[in-house]
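A.B. asks: Got a predicted model here, sequence first, then my questions.
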Amino acid sequence: MNKTDLLFQMLEQPERYSEAQWQEILADDECRKLYTLMAKVKSTAPSPEVSGETIDAEWERLAQVQRPRAIIIPLWRKVAATAAIALALFGVSYAAVKTGFFGLQRQTTEETAAVKPEAPAVPADAAPGAMEQATDTLTVMAEPRLYDNVPLEQMLAELATYYQVDVEYRSDDVRSLRLHYEWEPDYSLDMVVDMLSHFESLSISREGNKLIVESAQEGK
Amino acid sequence: MYIECMTERERHIEGLFRQHYSAMHRLAYLLLHDDDDSKDVVHDVFAKLLVEQTELRETTVLPYLLSCVRNQCLNVMRDRKLHAQLQQYLIPDTVAEQTSPEELEREIEVLSKGIDALVPPVCREVIRLHFHEGVSLTEVARRLGVSHTTIYKHLHSALNQLRLTLKRNEM
C-alpha cells in the first residue's frame, strides 16, 4: 500500500492509530499537503443556513449569560443610592418642617412619621455581600472566586451553575481531587476548561453544554 | 447610570450581532465543520465583547469580528485532541493561522467550482458523499458497488485535479 492510500485508510478511523503513527505520516510533506487539501475540501460542504430565528435564539442565549452580571451589581448600588437619597430627603424634610419652610410652626407625631422614608429592602449600611447572599449561586458568582484545596466536584457544581452546563464524570476518583484555582467571572467556559486541563491528573473537555470529566489516564 | 450605559453598549453589540452573525458563523463553520461548535465560537466572541470595552469602529468592525472568530477557532482546534481534529478534517492550525478569512473564502470558492468540474462524474460523487455527506469511504465503495482500492483511486484522482485547480488559480 502506498503512503497516500495508507493516509486514506488511517483517516477512515483515526482513533485506531497512535499519535506517534499520525505524527509520522503527517511528517511526510506529500501526506501533510494531501490532508490539508482534504480538510479544505471538507470546508466546501454547504454550511447550515442561519435563519432569523436562529439569530434570535443565539442572542437570547448570550443575553441569558450576560444579564445577571449586568443587573445584580448595579442593583445593589442602586438600592444603596436610593436609601442614601431617602435618608437625605428625610433630613431635609425634617429640617424644613422644623424651621417652618413649609409654613408649619409645629409638627405632630403623625406628620413626623409621614415624612419618614420607607425602609429600603436592604439597609444602606449593609455589607456589600448582603444582597448577593440573599440570591442564588449565579449572583454570588458575580465576584472572583478562589478555590483553595476545594474538592473538584464542589467547584464544578458551582461553575456548572454559573455557565449553565451539565457535568458528566467518567471517573469517580476525580470527584474528590482537591484543587487550587482562581476563577474570574470574565472567563469564558472554554477558558476555564483550558485552564483546568493543565492539571496533570485531570482530563476535562467540553461537548456542547456538557463538561466531560475523567482522570487523565482514561482521558488519553 | 451604570445600567443605562451597559444597556446602550449592549444594544450596540446586539446590532452588530444581528448584522454580522451569518458571516461569523460561516467562517467558523469553514474552520470547524460543525454547526454547534460554530455557534459556540460566535457566542464566545460576543460574550467577550460584552465584557470588554473594546472600541468598535464601523469601518473595521467586520474584519475585527472575523479575526476574533478565527482566533477563537484556533483555540478550539488546539484544545482538541489529535484524533478529534482528524475525524472532523480540521484544517491544521498552522495553515488556518496563516490564511486570512478572505483568502480562505476565496480558496473554498475555487475548490467548490473545481469539484463541480471533476471528471469522471464518479469523482464528484465520491467527494460529495464523503466530504459533504460524511459517508465513510467504506460505505461509499459499497454504495457505488466498487472496491476500496477503486474508491481510493477515484479520491486520489479528484484530489489531484483539485490541487491543479488551486495551482491554476495561484492558491
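C.D. replies: That came through, no problem. Residues are numbered from 1 along each chain as shown, chains lettered A, B, ... in the order given.

A.B. asks: Show me where chain B has its helices.
C.D. replies: B:2-32, B:35-51, B:61-79, B:82-87, B:93-98, B:101-116, B:121-127, B:137-144, B:148-168 (DSSP state H).

A.B. asks: Deepest in the core, which of those is it.
C.D. replies: Mean neighbour count, computed with mean count of other CB atoms under 10 Å in any protein chain shown, is highest for helix B:35-51 among the helices of chain B, reaching a mean of 21. For the C-beta atoms, the positions are set from N, CA and C on the backbone; glycine is no exception.

A.B. asks: hmm, that helix in reach of chain A?
C.D. replies: Yes: Helix B:35-51 reaches chain A (CB under 8 Å from any CB of the partner chain) through B:35-36, B:38-40, B:42-44, B:46-48, B:50-51.

A.B. asks: Now distance to B:Leu129 too, for these, in JSON lines please.
C.D. replies: Output for those, formatted as JSON lines (distance: CB to CB, whole Å):
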{"residue": "B:Asp35", "distance to B:Leu129": "20"}
{"residue": "B:Asp36", "distance to B:Leu129": "23"}
{"residue": "B:Ser38", "distance to B:Leu129": "23"}
{"residue": "B:Lys39", "distance to B:Leu129": "26"}
{"residue": "B:Asp40", "distance to B:Leu129": "28"}
{"residue": "B:Val42", "distance to B:Leu129": "29"}
{"residue": "B:His43", "distance to B:Leu129": "32"}
{"residue": "B:Asp44", "distance to B:Leu129": "33"}
{"residue": "B:Phe46", "distance to B:Leu129": "36"}
{"residue": "B:Ala47", "distance to B:Leu129": "37"}
{"residue": "B:Lys48", "distance to B:Leu129": "38"}
{"residue": "B:Leu50", "distance to B:Leu129": "42"}
{"residue": "B:Val51", "distance to B:Leu129": "43"}
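
A.B. asks: possible to save those residues as JSON lines with pLDDT?
C.D. replies: Putting the residues of helix B:35-51 next to chain A into JSON lines (pLDDT from 0 to 100) gives the following:
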{"residue": "B:Asp35", "pLDDT": "96"}
{"residue": "B:Asp36", "pLDDT": "96"}
{"residue": "B:Ser38", "pLDDT": "97"}
{"residue": "B:Lys39", "pLDDT": "97"}
{"residue": "B:Asp40", "pLDDT": "97"}
{"residue": "B:Val42", "pLDDT": "97"}
{"residue": "B:His43", "pLDDT": "96"}
{"residue": "B:Asp44", "pLDDT": "95"}
{"residue": "B:Phe46", "pLDDT": "94"}
{"residue": "B:Ala47", "pLDDT": "92"}
{"residue": "B:Lys48", "pLDDT": "91"}
{"residue": "B:Leu50", "pLDDT": "86"}
{"residue": "B:Val51", "pLDDT": "83"}
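
A.B. asks: Sort out which residues of stretch A:21-36 are buried, please.
C.D. replies: Going by neighbour count (16 or more other CB atoms under 10 Å in any protein chain shown), the buried part of stretch A:21-36 is A:Trp22, A:Ile25, A:Leu26, A:Cys31, A:Arg32, A:Leu34, A:Tyr35, A:Thr36.

A.B. asks: just stretch A:164-171 next, same as before
C.D. replies: Buried residues in stretch A:164-171 (16+ other CB under 10 Å): A:Val165, A:Val167, A:Tyr169, A:Ser171.

A.B. asks: What of stretch A:168-184?
C.D. replies: Buried residues in stretch A:168-184, counted by 16+ other CB under 10 Å: A:Tyr169, A:Ser171, A:Val174, A:Leu177, A:Leu179, A:Tyr181, A:Trp183.
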